[in-house]
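>>> Build me a model from this:
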Amino acid sequence: MGLDTAFNMAETAKIIYQGALRTQATHLGSGNQLITDAPLDNNGKGEAFSPTDLVATALGSCMLTMMGIKARSMDFDLEDASVSVTKIMASAPRRIAEIKVHLRLKQNCDDHTRKVLEETALHCPVSKSLSRELKQSVSFEWVQE
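Okay, here's the model as predicted:
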């Protein structure tokens, strides 16, 4: 068994159903917690992220994180970069049909750096883990300062 396999076998989270379509998840490595609620359009209160909101959020966060890792290795600072995500649901069966990801980067960079960072985002682990049936619409906005 390789090191990556052994590392990936550690439990990630413990999730407890709290009733009323709400869960509380605890990240076992840090103790950080988050709450999920079913969305308003699926019998929930919509007072917190829904599980499908977390999928969309994970995609945007993963893209930005991977860009940050790559940028650091290129001595480029991504500070103040942001991502907005929009989740579009479908029915029969109920599922995420599309995630729109808009990355806004305020830094100036040359074309080569921009291309490398964009490619890095598009190949993040979350993106590669999602079904090919789920449409990922990704846009980049490079704001010159």
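>>> Okay, now stretch 26-34: how far is its last residue from its first?
Terminal residues of stretch 26-34 are spaced 7 Å apart (C-alpha to C-alpha, to the nearest Å).
>>> Could you report the pLDDT at the residue nearest to the spatial centre of the chain?
With distances taken as C-alpha atoms, centre = their mean, A58 lies nearest the centre of the chain, 1.8 Å away. In this model, A58 is scored at 98, pLDDT.
>>> Is the residue lying closest to it once chain neighbours are set aside in a helix, a strand, or coil?
Distance criterion C-beta to C-beta, 6 or more residues apart in numbering; nearest residue to A58, sequence neighbours excluded, is V126 at 5.0 Å. C-beta: built from backbone N, CA, C; applies to glycine. With DSSP: H, G, I helix; E, B strand; the rest coil as the basis, V126 sits in helix.
>>> can you pull the contacts of V126?
By C-beta atoms under 8 Å, 6 or more residues apart in numbering, the residues touching V126 are 58-59, 61-63.
>>> which one of those is nearest K106?
Proximity of these to K106 (C-beta to C-beta) peaks at M63, which lies at 16.1 Å.
>>> what sits against the closest residue to the closest one other than its chain neighbours?
Take M63 and drop its neighbours on the chain: the residue closest to it by C-beta to C-beta, 6+ apart is A121, 4.0 Å away. When contacts are counted by C-beta under 8 Å, 6+ apart, A121 touches 63-64, 66-67, 103, 138, 140.
>>> Give me the buried positions along the strand or helix carrying A121.
Per DSSP states H and E, A121 falls inside helix 111-122. By neighbour count with 16 or more other C-beta atoms under 10 Å, helix 111-122 contains the buried residues 113-114, 116-118, 120-122.
>>> This structure - how does it break down into domains?
Using automatic domain parsing, the domain parsing of the chain gives 1-49, 50-145.
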